[in-house]
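Enquirer: Return a 3D structure for these sequence lines:
(one chain, ligands or ions: 2)
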Amino acid sequence: FKIEAAEIVVARLPLKFRFETSFGVQTHKVVPLLILHGEGVQGVAEGTMEARPMYREETIAGALELLRGTFLPAVLGRTFANPEAVSDALGGYRGNRMARAMVEMAAWDLWARTLGVPLGTLLGGRKDQVEVGVSLGIQPGEQATVDLVRQHVEQGYRRIKLKIKPGWDVQPVRATREAFPDIRLTVDANSAYTLADAGRLRQLDDYDLTYIEQPLAWDDLVDHAELARRIRTPLCLDESVASSQDARKALALGAGGVINLKVSRVGGHAEARRVHDVAQSFGAPVWCGGMLESGVGRAHNVHLSTLPGFRLPGDTSSASRYWAQDIIQEPLEAEGGLMPVPQGPGTGVTLDREFLATVTEAQEEHRA
Ligand code: OSB
Ligand code: MG
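Expert: Ligands and ions are numbered 1, 2, ... in the order given. Okay, the predicted model is just below:
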């Protein structure tokens, strides 16, 4: 397939809820999109880096500059045998995996549409629906937490993940567990603790959590391995796994027993599949994380989640939880905790160009 032209669109969407994590509070999402135009088809991907380097080191401004100056010139006007060849074209560059993933993921969508096959099928997935949970931001108190959990349990979500931070950890977990003795419950600290907090984190062992997600530093595996020896609850790594090599090292060290797999964080679908395969070889489950994606990124996530190693519910909850209106035409709605995989070629979703235009902040075109 040929990549004839590229379009960058930056949109801004208001979130329906105030999302508080150990990083701070989010009320809007800036959505950078890359649209690759082939011969009569287009492939679309969403960047998941944020304006500021809080989650990982990448930023939207940095990604756009790399796309313009380096990554797009490496692929525009060229013909590729498959999406792996596209990532190979960017393989000499280090880091910046979320930026490279925009090119790689758009290429997968383009290729899948060229072949007329759903993306998940091309990746080797066989499911037509995937299990999903929700990630709930920090609430003002225990009662507010329990009320919000109840809403989502009633909607059928198969796992509740609570964001925690030092000073707000055991309290919401204890309250939630007392109100819901049987739900699958997890927490996510987004790197807010250190090994000095091991005693506090060990108190979470009393609440039957499926895992504690990324308690320690974003770039650390050794301390996670030490913490894993000191507490019973399994650790799940998110920020710390940027590649299949990271996954191998993490699992070999015992730094975690579960991986939150985000396709953009690891550089695209091909690398995500390698992370999935490494985890499978260690017998470790993976699940699909989210970055508050619009329907574009969400559809990519849902397709990736059809691989067999995704054995725990993902964060790809209903798009209507996040947005009053999405930038794609199709609804992405879970029912009973199951998200249907969009059918049709590629991601199976289509940009709503009319609505997108109303939320677009910047737009540019690139040709060879
Ligand atoms: O740590 O998984 C995370 C959102 C933004 C950045 C990091 C994370 C998250 C979430 C939200 O937990 C998941 C979602 O609903 O998309
Ligand atoms: Mg996380």
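Enquirer: C-alpha from now on. contacts and neighbour counts both.
Expert: Will do.
Enquirer: could you give me the average pLDDT of the strand of greatest length in the chain?
Expert: The longest strand of the chain (DSSP state E) is strand 5-21. The pLDDT scores in strand 5-21 average 98.
Enquirer: Neighbouring strands - and their directions - for the helix or strand following that strand?
Expert: Counting by DSSP states H and E, the next helix or strand C-terminal to strand 5-21 is strand 24-37. Partner strands and pairing direction for strand 24-37 (DSSP bridges) are strand 5-21 (antiparallel), strand 42-46 (antiparallel).
Enquirer: Quick check: residues of the stretch 1-150 of the chain near ligand 1?
Expert: Ser135 (C-alpha under 6 Å from any ligand atom).
Enquirer: all helices of the stretch 1-150 of the chain, in order?
Expert: Taking DSSP state H, counting those that start in this stretch as the test, the helices found in the stretch 1-150 of the chain are 60-66, 72-75, 83-89, 97-115, 119-123, 142-154.
Enquirer: What residues sit buried inside the shortest one?
Expert: When burial is assessed from 16 or more other C-alpha atoms under 10 Å, helix 72-75 yields the following buried residues: 72, 75.
Enquirer: Contacts for it, please.
Expert: Contacts to helix 72-75, defined as C-alpha atoms under 8 Å, 6 or more residues apart in numbering, come from residues 3, 6, 67, 86, 89-90, 103, 366, 368.
Enquirer: can you do 10 Å?
Expert: 2-6, 36, 64, 66-68, 85-87, 89-90, 100, 103, 366-368 (C-alpha atoms under 10 Å, 6 or more residues apart in numbering).
Enquirer: which of the helices of the stretch 1-150 of the chain is buried the deepest?
Expert: helix 97-115 (a mean of 27; mean count of other C-alpha atoms under 10 Å).
Enquirer: packing partners for that helix?
Expert: In terms of contacts (3 or more C-alpha pairs under 10 Å, 6 or more residues apart in numbering; DSSP states H and E), helix 97-115 is packed against strand 24-37, strand 42-46, helix 60-66, helix 72-75, helix 83-89, helix 119-123, helix 269-282, helix 295-304.
Enquirer: and the second one, average pLDDT?
Expert: On average, the pLDDT along strand 42-46 is 98.
Enquirer: Now do that strand and helix 295-304, the angle between them.
Expert: Orientation check (axes from the mean of the first three to the mean of the last three C-alpha atoms, to 10 degrees): strand 42-46 against helix 295-304 gives 100 degrees.
Enquirer: for strand 42-46, which positions count as buried?
Expert: 42-46.
Enquirer: Burial check on the residue of the stretch 1-150 of the chain found nearest ligand 1, number of neighbours?
Expert: Here the stretch 1-150 of the chain gets closest to ligand 1 at one residue, Ser135, 5.1 Å apart by C-alpha to the nearest ligand atom. Look at Ser135: counted by other C-alpha atoms under 10 Å, it has 23 neighbours.
Enquirer: Identify the bridge partners of the residue nearest to Gly256 when sequence neighbours are not counted.
Expert: Distances taken as C-alpha to C-alpha, 6 or more residues apart in numbering put Leu235 closest to Gly256, at 4.6 Å, once the chain neighbours are dropped. Beta-bridge partners for Leu235, by DSSP bridges, are Ile212.
Enquirer: Give me the neighbour count for Leu235.
Expert: By other C-alpha under 10 Å, 26 other residues sit near Leu235.
Enquirer: so what's it up against?
Expert: Residues near Leu235 by C-alpha under 10 Å, 6+ apart: 187-188, 209-215, 224-225, 227-228, 254-259.
Enquirer: Mind doing that once more with 8 Å?
Expert: Contacts of Leu235 (C-alpha under 8 Å, 6+ apart): 211-214, 224, 228, 255-258.
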